[in-house]
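1. Sequence first, predicted coordinates after that:
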Protein chains: 2
Amino acid sequence: MVGMRDVAKQAGVSVSTVSLVVNNAGYVSDDMRARVEAAMHQLNYIPNELARNLYRNRTNTIGIIVPTILHPFFATLTAHMQRELAKRGLKTMLCSTADVATGESEYVNMLQRHMMDGIIMAAHTEHQPDYWTSIRRPIVAFDRILGTGIPAVHSDHEAGGRMIARQLIDSGVRHAVLVGGPRSQFTQSMTFPTVRYHLTVEHMLAGAGIACDYVEAGSVTDVVAHEATATAIFERYPDVDAIIGSDVVASVALQEAGRRGIAVPGDLQIIAYDGTLAADLAGKKLTVVRQDFPAIAAALAEQMDQQIEAFDTSKRERRGESADSSADSSVVADAATSVDAADQAGKAEPANRSAEPGVVIPVTFIPGETTR
Amino acid sequence: MVGMRDVAKQAGVSVSTVSLVVNNAGYVSDDMRARVEAAMHQLNYIPNELARNLYRNRTNTIGIIVPTILHPFFATLTAHMQRELAKRGLKTMLCSTADVATGESEYVNMLQRHMMDGIIMAAHTEHQPDYWTSIRRPIVAFDRILGTGIPAVHSDHEAGGRMIARQLIDSGVRHAVLVGGPRSQFTQSMTFPTVRYHLTVEHMLAGAGIACDYVEAGSVTDVVAHEATATAIFERYPDVDAIIGSDVVASVALQEAGRRGIAVPGDLQIIAYDGTLAADLAGKKLTVVRQDFPAIAAALAEQMDQQIEAFDTSKRERRGESADSSADSSVVADAATSVDAADQAGKAEPANRSAEPGVVIPVTFIPGETTR
DNA sequence: CTGAAAGCGCTTACAG
DNA sequence: CTGAAAGCGCTTACAG
């Protein structure tokens, strides 16, 4: 492998000079620059990024933790995330918890070993908040609340819920069925913002005197399980006239309705939550509440930038000040500060654990062929 | 940041010893080990992988280059790939060409800068074979032929074509329409194995006296464009009674057929090529030719292992022998050798540019609700 | 403007 | 079994 030393020798200069040329930094005479560049071309020199990484203690890589990209929702999120990160010169490490035995810990470990500069956390976690806050490295949560000081981004699910309820009420629905994750998660002090759309719909339908049942869909990592869910709905609630669930759930529900000869949207309306490509590939164009993936990705990237910056700053300060171990605590303080600032830029609200707002992204109701 | 030096100091030993303990290598007395481990716990020491990476000149990261994971095909491939790599302790860098201005060059560059140990190439490329062969780093191609010595893995598209033709002929189809990539690619000396299934179907239908037209689908990165394609087919060929295309194309074709009141499979049969989740979410369960993603991913990972090994070996040899620059050529030689070995393990055939076999994975015909 | 030196945090021969 | 030393390939103060 040809290194900087080889180039320096070939050009008859020092490695320092080669480095300056490569990085286009400092002052280098035109003569020197020309000689170095000639040598680089002759030897076909390509800098080794690993050495840089070590020195800078940076990899310019962000991990995105999702359950699996087999699910269209996470594939869409990941794709937009990658684009947004690439804009900022950051690479994307794909971290899917369904594909590693150790789950997210594996990736948190990589974060701590400095193989990544930060992680976007978009998968379910069993870990308690103190686990997350004790990591002290850049973390941004998507659609969940991990702990104080860890910035979060999520869609405006309450608005989504209102849009759905409005549609159902206005079109005269009498028995709606909501499909979602394990109901047990609902009690976890609102850790999962998604829950809010279900609760909103239930609340509004109750107010309008409309029957509303909840059915648990299979795990998000086991997409095939959703098919059983669709069948179960029709068996259990023969009079159902509205089904609301993720794109995947809505698609299989529509397919099953077709098989049973149930007219959509005449006798059954279907609303898909998410609005990924999957909603366009179903038997009919699904009516969707679309999450704004580009905006979500931009917000996540923005928060990540701030987190990285915050942890970086404190490191520099630490150098300037004392080098004792207690300085560590300043890292978290800095990070927390940055989060508060972000919150205020987005939505000014007090940030306590049970109702930490994070950055909220609007959703859109897009009528399709499955609602009246 | 607490480093090995801090641990060594705390434990009253040398860094070498700490290193040995951390890596569980060499001989360390129980006493030393205990002291070091205690110190590591006290200080909450976590090794910095970047330093290791530099020393070993390895990141244990593999890039997978795809057009975009918004497309279910590439999402599925990537998901399985990640799982397969994780099994081998390798991380997955997501490299989608649709999301970076510079396309694949960006990622090839990262490969050369040693930010990744190898790349799986599954996206379209305009580069000529000599571009790829001159890179001299581990590369494995999926469903395309990049150049001599670069191992390739692809499905048995000819078998897929035969399965499709058989179904069409047996069910009495009279006018089939194939949807696929730009027809211009067909001439590029069979660079794209996918082409083979189209050619096989065309050939067999011609032999049976069945009309067969070809329609170009929009770019794979622009999934929405497929909808226009579906509409165009019905406009242009009102008597079409069979449509064959990717899962996405088949889904929108089915949807459009429904809108036009065309009975499927009564008046129109639809066969989806790929067999991803998308085929299960369409209006009916699509009949598919399923590519064996787990097997494909396993084969790709296997080839990648061999490539990495081959390039590694030659590096070690080079050290043992002379350190002159001409030794570089041995790298490619070694890599090529490894490929030949792989070919022989899979399918013994001569490997020339125009018909390089690579590893061929069987496909499966799975009848659904869209064929008779 | 240029170069010698120290160092990023770890690993690995090599003496002892 | 343990430690001092050199080195992975580059960057960055710091003298000149």
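-> That came through, no problem.
2. And for the single nearest residue of chain A relative to chain B, nearest residue in space, chain neighbours not counted?
-> When scored by C-beta to the nearest C-beta, chain A has A:G283 as its residue closest to chain B, at 2.6 Å. Any C-beta I mention is one placed from the backbone N, CA and C, and that applies to glycine too. Among residues not flanking A:G283 along the chain, B:G283 sits closest, at 2.6 Å (C-beta to C-beta, 6 or more residues apart in numbering or on different chains).
3. residues near that neighbour, how many?
-> When neighbours are counted by other C-beta atoms under 10 Å in any protein chain shown, B:G283 registers 22.
4. and the closest residue in space to A:T125 that isn't next to it in sequence, how many residues sit next to it?
-> Spatial nearest neighbour of A:T125, chain neighbours left out: A:E104 (5.9 Å); criterion: C-beta to C-beta, 6+ apart. As a burial measure, A:E104 scores 23 neighbours (other C-beta under 10 Å).
5. Find me the pLDDT at A:E104, would you?
-> The model reports A:E104 with a pLDDT of 92.
6. ditto for the one 10 residues further on
-> What the model reports for A:H114 is a pLDDT of 96.
7. just checking, it touches B:R52?
-> No: with contact defined as C-beta atoms under 8 Å, A:H114 and B:R52 do not form a contacting pair (10.2 Å).
8. Enumerate every residue touching A:D30.
-> Contacts for A:D30 (C-beta atoms under 8 Å, 6 or more residues apart in numbering or on different chains) come out as none.
9. how close does it sit to DNA strand D?
-> 16 Å (C-beta to the nearest atom of the strand, to the nearest Å).
10. per-residue pLDDT, that residue?
-> So, for A:D30, pLDDT stands at 89.
11. how near is it to DNA strand C?
-> Taken as C-beta to the nearest atom of the strand, the span from A:D30 to DNA strand C is 8 Å.
12. Might you calculate how far stretch A:100-115 sits from the centre of the chain?
-> Distance, stretch centre to chain centre, for stretch A:100-115: 17 Å (C-alpha atoms, centre = their mean, to the nearest Å).
13. Alpha carbons only: can I get it in CSV?
-> This file holds the C-alpha atoms of stretch A:100-115, laid out as CSV (Å, rounded to 0.1, in the frame of the first residue of the first chain):
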residue,chain,number,x,y,z
VAL,A,100,-28.5,-9.7,15.3
ALA,A,101,-28.9,-11.8,18.4
THR,A,102,-27.9,-9.1,20.8
GLY,A,103,-30.4,-6.5,19.5
GLU,A,104,-29.7,-2.9,20.0
SER,A,105,-26.9,-3.4,22.6
GLU,A,106,-24.6,-4.5,19.8
TYR,A,107,-25.0,-1.2,18.1
VAL,A,108,-24.8,0.8,21.3
ASN,A,109,-21.6,-1.0,21.9
MET,A,110,-20.3,0.1,18.5
LEU,A,111,-21.2,3.6,19.3
GLN,A,112,-19.2,3.5,22.5
ARG,A,113,-16.3,2.0,20.7
HIS,A,114,-16.3,4.9,18.4
MET,A,115,-17.2,3.0,15.3
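14. Quick check: buried residues in that stretch?
-> Buried residues in stretch A:100-115, defined by neighbour count with 16 or more other C-beta atoms under 10 Å in any protein chain shown: A:V100, A:G103, A:E104, A:E106, A:Y107, A:V108, A:M110, A:L111, A:Q112, A:R113, A:H114, A:M115.
15. which residues in chain A form strands?
-> Ranges of strands in chain A, per DSSP state E, are A:61-66, A:91-96, A:118-121, A:139-142, A:152-155, A:175-180, A:211-216, A:242-246, A:269-274, A:287-291, A:359-361, A:363-366.
16. out of these, nearest to B:L205?
-> B:L205 lies closest, by C-beta to C-beta, to one member of the strands of chain A: strand A:269-274, at 37.6 Å.
17. so where's chain A uncertain?
-> Applying pLDDT under 70 to chain A flags residues A:187-191, A:313-356.
18. Domain-wise, how is it divided?
-> With domains defined by automatic domain parsing, chain A comprises A:4-47, A:60-154+A:294-317+A:333-361, A:157-291.
19. wait, which of the buried residues of stretch A:100-115 is closest to B:V140?
-> Taking C-beta to C-beta as the measure, B:V140 sits nearest to A:V100 out of these, at 21.6 Å.
20. if I look at the closest one, how far off is B:A295?
-> According to C-beta to C-beta, to the nearest Å, A:V100 and B:A295 sit 20 Å apart.
21. still on that earlier bit, who's in contact with the residue nearest to A:T125?
-> Applying C-beta under 8 Å, 6+ apart, we find A:E104 in contact with A:I65, A:C95, A:T97, A:M121, A:A123, A:T125, A:H127.
22. which residues touch the second one?
-> Same thing as A:C95. By C-beta under 8 Å, 6+ apart, the contact set of A:C95 is A:G63, A:I64, A:I65, A:V66, A:E104, A:E106, A:Y107, A:M110, A:I119.
23. got CSV for those, with distance to DNA strand D too?
-> CSV is the format used below for the contacts of A:C95 (distance: C-beta to the nearest atom of the strand, whole Å):
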residue, distance to DNA strand D
A:G63, 23
A:I64, 27
A:I65, 29
A:V66, 33
A:E104, 30
A:E106, 25
A:Y107, 25
A:M110, 20
A:I119, 25
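24. In the residues you listed, find the pair that's most separated.
-> Using C-beta to C-beta, the two most remote members of the contacts of A:C95 are A:V66 and A:M110, lying 15.1 Å apart.
25. just to revisit the earlier point, return the backbone torsion pair for the residue nearest to A:G283.
-> Per-residue torsions, B:G283: phi -60, psi -40 (degrees, to the nearest 10).
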